[in-house]
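In: Fold the following.
(one chain, ligands or ions: 2)
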Amino acid sequence: MADCIFCKLANHEIPTTIVYEDDLVAAFDDANPQAPVHTLVVPKGHYENIVDGVPGEVLEHMALAVKKVAEAKGLTDGFRVIANTGAAAGQTVMHLHWHVLGGTDLGENLV
Ligand code: 5GP
Ligand code: ZN
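Out: Ligands and ions are numbered 1, 2, ... in the order given. Coordinates of the predicted model:
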């Protein structure tokens, strides 16, 4: 999709440090980290969010990417995965992404 920052990052149109990628998904660090580890897992195809008809295969690859990110970042004690979905949830980039947060004790706030 034209003018979508995450399309460009996931498909190497804008350079970034890729934490993990395969043919369907990519993971890169958040530009404004909210935890010592804050990596975004995104599909290479454009879907607005998790309820935008995302193929099961893409979701499967995203789940695998979460595991790969956790391994690459050494998140052996646990981590949190968040998918802000829609304006009321604070979604600001309208390209499906999962936040992988960790590297500290995240506590029991929010959920
Ligand atoms: P949302 O609020 O939509 O769930 O999260 C969007 C996330 O994307 C935010 O955490 C924000 O810091 C991150 N972000 C926005 N623009 C960029 C960018 O150009 N590069 C990277 N790496 N992260 C970005
Ligand atoms: Zn996009």
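
In: Longest strand of the protein, counting residues only.
Out: When the chain is parsed with DSSP state E, its longest strand is strand 37-43.

In: so what strands line up beside it?
Out: strand 25-29 (antiparallel), strand 98-102 (antiparallel) (DSSP bridges).

In: So that strand, near ligand 2 or not?
Out: No: with CB under 5 Å from the ion as the criterion, ligand 2 is not reached by strand 37-43; the gap is at least 7.8 Å. C-beta here means a position set from N, CA and C on the backbone, and glycine is covered the same way.

In: Let me know the pLDDT of residue 58.
Out: Listed pLDDT for residue 58 reads 98.

In: Got the phi and psi for it?
Out: phi -70, psi -40 (degrees, to the nearest 10).

In: residue contacts, it?
Out: By CB atoms under 8 Å, 6 or more residues apart in numbering, the contact set of residue 58 is 24, 25, 43, 45, 47.

In: returning to that earlier point: with distance to ligand 1, mean pLDDT and mean neighbour count as new columns, can the strands paired with strand 37-43 be given to me in a markdown table?
Out: As requested, the strands paired with strand 37-43 are exported to a markdown table (distance: least, CB to the nearest ligand atom, whole Å; pLDDT from 0 to 100; neighbours: other CB atoms under 10 Å):
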| stretch | distance to ligand 1 | mean pLDDT | mean neighbour count |
| --- | --- | --- | --- |
| strand 25-29 | 5 | 98 | 22 |
| strand 98-102 | 6 | 98 | 21 |
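
In: so which of these gets nearest residue 83?
Out: Ranking the strands paired with strand 37-43 by proximity to residue 83 (CB to CB) places strand 98-102 first, at 5.2 Å.

In: what residues does that closest one touch?
Out: Counting by CB under 8 Å, 6+ apart, 27, 30, 34-42, 62, 66, 69-70, 73, 75, 77-84 sit against strand 98-102.

In: can you give me the offset of it from its chain's centre?
Out: 7 Å (CA atoms, centre = their mean, to the nearest Å).

In: Could you tell me the end-to-end distance of stretch 98-111?
Out: In stretch 98-111, first residue to last residue: 16 Å (CA to CA, to the nearest Å).
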